[in-house]
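K.L.:
Have a look at this prediction, sequence included:
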Amino acid sequence: MQRWLRRPIFWMVAAEVVVVVALGAVTWHELTAAGAAPPPFVLPSSSPANDTALPSVPADALAPPPRSGPELLPGLNVDPAFWRTRLVGLNGAEAQFEALEWRIIHSAMDTIHRYVETVVVPAVEGAEKRSL
């Protein structure tokens, strides 16, 4: 038993068990506490019925505003030239990023290929020659 107590893996596993048990206890406590309390979105039904009626709104307030063009859309630029320049810039940046990705991937593939050809294959061939 003392041999087990001296190994660090024993203490790591024991600490992990303590953490999992503590998290389970906190979760159990929260789940049981949540079941006892009413949900926060439930409103009490003790208000009188006339308080729930909607206030009267004048008829002219319900009419849609007159449409006079793109100035009704604040923050949204609907000019095609604006979007064309932004999208051309975005597409150019995306193309540069894709080219960079391809260079990284192909250089990694070339490196792996060279490693396999210069290190792995000769080692395997040497092991095969020795075993025969």
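P.N.:
Happy to help now that I have it. Numbers count the residues shown, from 1 in each chain.

K.L.:
For Thr111, grab the count of nearby residues.
P.N.:
Neighbour count of Thr111, defined by other C-beta atoms under 10 Å: 10. Every residue, glycine included, has its C-beta placed from N, CA and C.

K.L.:
Report the mean confidence score over the host helix or strand of it.
P.N.:
Take DSSP states H and E as the rule and Thr111 turns out to sit in helix 80-115. For helix 80-115, mean pLDDT is 90.

K.L.:
so after it, what's the next helix or strand?
P.N.:
Following helix 80-115 in sequence order, the next helix or strand is helix 121-131 (DSSP H and E).

K.L.:
Export that following helix to PDB, keeping only CA atoms.
P.N.:
Only the C-alpha atoms of helix 121-131 are listed here, as PDB (Å, rounded to 0.1, in the frame of the first residue of the first chain):
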ATOM      1  CA  VAL A 121      12.200   4.200 -46.000                       C
ATOM      2  CA  PRO A 122      15.900   3.600 -45.500                       C
ATOM      3  CA  ALA A 123      15.300   2.500 -41.900                       C
ATOM      4  CA  VAL A 124      12.600   0.000 -43.000                       C
ATOM      5  CA  GLU A 125      14.800  -1.300 -45.800                       C
ATOM      6  CA  GLY A 126      17.700  -1.700 -43.400                       C
ATOM      7  CA  ALA A 127      15.500  -3.600 -40.900                       C
ATOM      8  CA  GLU A 128      14.300  -5.900 -43.700                       C
ATOM      9  CA  LYS A 129      17.800  -6.700 -44.900                       C
ATOM     10  CA  ARG A 130      18.900  -7.500 -41.300                       C
ATOM     11  CA  SER A 131      15.900  -9.800 -40.700                       C
END
